[in-house]
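Asks: take this sequence and fold it.
(one chain, ligands or ions: 1)
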Amino acid sequence: MAPENPTLTARAAERALHGFALDLRWSWNHATDPLWRQINPECWEHTQNPWTTLNNASRAHLNALLNKPAFRREVGHAMAAQAEGLRHPTWFAQQHDASALSCIAYFSMEYMLSEALPIYSGGLGNVAGDQLKAASDLGVPVVAVGLLFAQGYFRQELTPDGQQHALYPFNDPSLLPISPVLTKEGDVLRIPIRFARGHVWIRAWKATVGRATLYLLDTNDPANPPGVRCVTTQLYGGDADLRLRQELTLGIAGWRLLDTLGYQPDVCHLNEGHAAFAAVERACGLMDRLHIPFREALTIARAGTLFTTHTAVPAGFDRFPPDLVRTYLADYTANRLGIPMESLLALGRANPNDHGEPFNMAWLAIRASGAVNGVSRLHGTVSRRLFAPLFPRWPECEVPVGHVTNGVHTPSWDSVEADTLWTEAAGPERWRGTQEGVADRIRALDDRTLWSARCQARAGFVRKITDLCAQQQGYTGNGGPSDLPVPTLSPDVLTLGFARRFATYKRPDLLLHDPDRLARLLSHHERPMQLVLAGKAHPADMAGQALITRWIAFSLRPDVRGRVIFMADYDMALGQVLVQGVDLWINTPRRPWEASGTSGMKVLVNGGLNLSELDGWWAEAYAPEVGWALGDGREHGDDPAVDAAEAEALYTLLETEIAPAFYARDPQGIPASWVARMRESMARLTPLFSANRVVRDYTERFYLPAAARYHARLADGGRAAREIVQWQDLLDTSWPDMHIDSVTISQPDGQYHVTVALALGPVPADAVQVQFYADPVDGGPAAITIIPPAGCRDADGLTHYALTTRLDRPVTDYTVRVVPTHAGMAIPLESPHIAWQR
Ligand SMILES: *Cc1c(COP(=O)(O)O)cnc(C)c1O
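Replies: Numbering: from 1, shown residues only. As a prediction, the model looks like this:
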């Protein structure tokens with residue numbers, strides 16, 4: 001719909017450009033690209049960053065443009081189109097507008113939204129950024145909180161002898177697409193918090209991400225001492241002391257910021273345990289508001305808190321020495337929470353009575369949450385094992401951790417060619433609704449359309465990599481014969497991609513197991529391959545850096561030189577080039593250490609195929625019709641014999657299946673079986689592993705129920721929470737005195753008759769449930785049948801229960817157990833008691 005008068009004044013047009021440049025929507029919606037190209041073509045081509053493009057434009061040129069009615073009309077049309085898009089009712093507005101869910105506060109240490117805002121390291125930030133964008137698409141009311149890192153994560157330069165140099169360029173906030181958060185009076189907003197006993201000045205910045213907002217906290221204020229100013233300098237640098245102060249900033253100052261700005265979140269989503277102090281501070285706010293003690297306040301807050309865990313190894317959890325926590329939190333605990341320090345420390349310990357145990361942020365997050373999830377089906381299973389110590393005597397399958405498999409924000413990772421293809425096939429609204437019918441539209445595409453899009457993307461990729469390499473090497477005195485190789489890639493050759501953090505569990509050297517065999521595969525005379533790699537190793541990870549050195553050395557071999565390219569400084573922009581261009585994405589983690597992995601999902605929309613270890617998301621996505629798998633789906637630790645066998649399997653797959661499929665051409669020059677896989681991978685997997693599906697899952701399975709439970713506990717001055725705390729206290733003191741006195745099982749008439757006599761002692765009968773339980777078989781659910789009460793407490797003080805049932809499984813599989821039960825409570829998350837038949 002065109003507005004009445006589409007010609008704006010020059011001032012209004014300039015204001016509109018500022019608004020566009022400050023809205024990171026441009027990172028996935030390209031409607032305004034033509035404007036930036038006119039404003040500053042050179043900078044735009046180089047950076048694809050509207051804010052930088054606008055700020056580096058020549059004033060004279062900009063004025064000249066703004067004085068042209070045609071240009072102003074173009075700006076006016078872009079404004080109208082955006083307003084029209086915002087008027088369009090979103091999925092959330094259509095499906096859940098009347099719900100109790102009005103605001104979700106999302107906390108994450110890092111966000112990968114665009115190279116224009118480099119405050120991320122990798123996968124965790126990718127998940128946070130992509131979900132925020134999908135929340136914007138779907139209209140899910142999320143407000144996000146993070147840290148503004150002045151140097152972010154390190155940047156990488158490579159020397160021809162394969163050394164990684166870590167660089168820390170400064171992110172000048174005035175040059176980033178963010179604006180300072182001000183008070184109503186227009187003053188700089190400061191969030192008061194204390195580290196130990198010292199007051200800290202914390203400022204905030206605002207990033208706009210379509211309909212969503214991200215607030216970034218910043219300690220770098222000259223009013224702070226140097227040690228405090230540096231808290232938000234680097235991501236994942238420094239020691240435990242720094243990390244703890246970062247997490248206090250994120251959680252405590254982050255929650256206070258939202259409160260100060262008037263947000264009243266129903267749900268708090270903790271993206272990894274780093275952010276767990278947000279739940280504590282949220283309870284603090286409720287204490288003040290309702291004049292209730294900390295435990296009751298935390299009980300209310302918990303109902304509306306979701307914790308997403310991302311690590312597959314215990315070492316991935318942040319753990320702090322108790323004394324460090326005492327140093328920073330003694331004052332807060334005594335004066336704000338009003339509880340003994342040991343009670344706070346107990347929330348971060350598996351065994352609350354073990355005073356030597358470190359303070360584990362994941363344990364704190366679990367104790368402060370009403371629901372917990374891992375990030376793939378397999379990672380759910382692994383997380384139940386990791387969190388089992390908090391639920392002693394509970395079967396591992398009932399440890400309360402579910403899963404929502406990650407997905408990527410498709411519009412942020414698709415190429416221009418892929419976007420065109422999908423728009424023609426499935427319409428421009430395809431990622432903003434429920435994605436229904438999208439798979440079938442893609443399945444209807446013919447071979448020629450799919451294959452020519454793939455060939456175009458590969459040709460574009462070869463050009464981009466060649467240009468990028470020239471740029472990277474141009475700055476470093478490279479270019480002589482002994483320097484890093486200049487690409488001699490071909491637009492027709494099977495193109496493999498491998499990029500990830502160079503952590504040893506990712507086994508970035510698996511492909512290098514037999515370098516001669518790899519070199520022979522790459523330089524095969526009929527079915528050659530080319531390989532583009534990238535990856536950074538943490539500056540403290542010497543083993544990871546050594547793997548980079550090995551790859552650079554390999555890329556210098558004369559027999560592969562120019563066709564194995566290791567690109568420096570793997571970042572989001574390079575990631576986009578890679579996932580849009582390659583035919584095959586290779587991933588070789590050691591199962592089960594890859595919680596999900598997301599890079600392989602980014603190739604789906606672009607028609608790339610995956611060859612991956614059966615770990616993380618691929619363990620549930622893989623089928624022979626969509627790609628290739630490595631490994632036997634079991635765990636083998638770091639057994640070198642298994643690594644060797646998997647490397648052999650990898651070479652054999654490439655040699656005998658993958659290259660033949662790519663090069664087997666029909667009379668039209670199309671590799672039919674390759675294209676069939678492309679089509680099925682695109683159609684089946686792209687919608688399933690999209691952030692669209694993820695955000696709808698979180699909303700319907702977690703946010704909506706959490707909001708309802710939170711409001712139920714909040715009602716009436718927190719009455720339900722008070723009752724829960726009393727109930728917990730009663731159960732904690734009386735549970736040890738309860739036991740199962742006797743169990744009888746008879747089979748009078750083909751049915752089983754089970755009776756139980758329970759010595760409840762001081763435990764109220766309505767606080768427990770008696771169950772007939774059998775462990776799960778073959779990954780199915782456990783069999784749990786409730787044994788109903790049969791009469792009241794008798795003269796011996798025993799309470800009787802009876803059940804008559806048929807069984808599908810041998811009676812010897814079953815046992816009797818007693819678990820707590822209370823309306824509206826998550827068991828065993830909020831009360832991990834359990835008693836078993838002896
Ligand atoms: C997608 C992405 C990641 C995460 O990918 P993994 O599958 O976890 O390796 C990391 N870094 C960048 C730059 C990415 O684009």
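
Asks: per-residue pLDDT, the closest residue to the ligand within the stretch 251-400 of the chain?
Replies: Residue of the stretch 251-400 of the chain nearest the ligand, by Cβ to the nearest ligand atom: His310 (9.9 Å). Where you see a C-beta, it was placed from the backbone N, CA and C, and this is true even at glycine. Listed pLDDT for His310 reads 97.

Asks: same check on the one 5 residues further on?
Replies: The pLDDT attached to Ala315 in the predicted structure is 89.

Asks: and stretch 60-74, what's buried?
Replies: Leu62, Leu65, Leu66, Phe71, Arg72, Arg73, Glu74 (16 or more other Cβ atoms under 10 Å).

Asks: out of these, which are inside helices?
Replies: Leu62, Leu65, Leu66, Phe71, Arg72, Arg73, Glu74 (DSSP state H).

Asks: next to the ligand in this structure, residues from the stretch 351-500 of the chain, please.
Replies: Counting by Cβ under 6 Å from any ligand atom, the residues of the stretch 351-500 of the chain close to the ligand are Arg500.

Asks: can you name the residue of the stretch 351-500 of the chain nearest to the ligand?
Replies: For the stretch 351-500 of the chain, Cβ to the nearest ligand atom, closest residue to the ligand: Arg500, 3.6 Å.

Asks: ok, that residue to Asp172 distance?
Replies: 29 Å (Cβ to Cβ, to the nearest Å).

Asks: the more surrounded of those two?
Replies: Neighbours were counted for Arg500 and for Asp172 using other Cβ atoms under 10 Å; Arg500 has more, 24 against 8.

Asks: which two of the buried residues of stretch 60-74 have the greatest separation?
Replies: Between any two of the buried residues of stretch 60-74, the greatest separation by Cβ to Cβ is 16.4 Å, found for Leu62 and Arg73.

Asks: which residues touch Ser673?
Replies: Ser673 makes contacts with Ala661, Ala664, as judged by Cβ atoms under 8 Å, 6 or more residues apart in numbering.

Asks: which SSE is it in?
Replies: Counting by DSSP states H and E, the element that carries Ser673 is helix 672-680.

Asks: in that helix, what's buried?
Replies: Buried, per 16+ other Cβ under 10 Å, within helix 672-680: Trp674, Val675, Arg677, Met678, Arg679, Glu680.

Asks: once you drop chain neighbours, what's closest to the third one?
Replies: Looking back up the chat, that one is Arg677. Nearest non-adjacent residue to Arg677, counting by Cβ to Cβ, 6 or more residues apart in numbering: Leu609, 5.7 Å away.

Asks: okay, now that neighbour: neighbour count?
Replies: 24.

Asks: returning to what we had before: out of the buried residues of helix 672-680, who's nearest Leu35?
Replies: Distances from Leu35 to the buried residues of helix 672-680, taken by Cβ to Cβ, are shortest for Met678, at 34.3 Å.

Asks: and the stretch 651-800 of the chain, which residues reach the ligand?
Replies: Near the ligand, when you scan the stretch 651-800 of the chain using Cβ under 6 Å from any ligand atom, you find nothing.

Asks: and the residue of the stretch 651-800 of the chain closest to the ligand?
Replies: For the stretch 651-800 of the chain, Cβ to the nearest ligand atom, closest residue to the ligand: Phe689, 11.4 Å.

Asks: that residue contacts Tyr622, correct?
Replies: No: using Cβ atoms under 8 Å, Phe689 is not in contact with Tyr622; the gap is 11.8 Å.

Asks: of those two, which one has the most company?
Replies: Between Phe689 and Tyr622, counted using other Cβ under 10 Å, Phe689 has the larger neighbour count: 27 against 20.

Asks: who touches that one in this structure?
Replies: Phe689 sits in contact with Thr405, Asn406, Gly407, Val408, Met601, Leu604, Trp617, Ala621, where contact means Cβ under 8 Å, 6+ apart.

Asks: how about a cut-off of 6 Å?
Replies: Residues near Phe689 by Cβ atoms under 6 Å, 6 or more residues apart in numbering: Gly407, Met601.

Asks: tell me the SS of the closest residue to Asn29 other than its chain neighbours?
Replies: Of all residues not flanking Asn29 in the chain, Pro411 sits nearest, at 7.1 Å (Cβ to Cβ, 6+ apart). With DSSP: H, G, I helix; E, B strand; the rest coil as the basis, Pro411 sits in helix.

Asks: so Pro411 makes contact with His30?
Replies: No: using Cβ atoms under 6 Å, Pro411 is not in contact with His30; the gap is 9.2 Å.

Asks: in the stretch 451-600 of the chain, which residue sits closest to the ligand?
Replies: Sorted by distance to the ligand under Cβ to the nearest ligand atom, the residues of the stretch 451-600 of the chain start with Gly575, at 2.9 Å.

Asks: so where does the residue in the stretch 601-750 of the chain positioned nearest to the ligand fall, helix or strand?
Replies: Nearest residue of the stretch 601-750 of the chain to the ligand, counting by Cβ to the nearest ligand atom: Lys602, 6.0 Å away. Assigned by DSSP H and E, Lys602 belongs to helix 599-604.

Asks: what are the contacting residues of stretch 563-572?
Replies: Stretch 563-572 has contacts (Cβ under 6 Å, 6+ apart) with 112, 115, 155-158, 472, 487, 499, 522, 530-536, 551-552, 555, 574.
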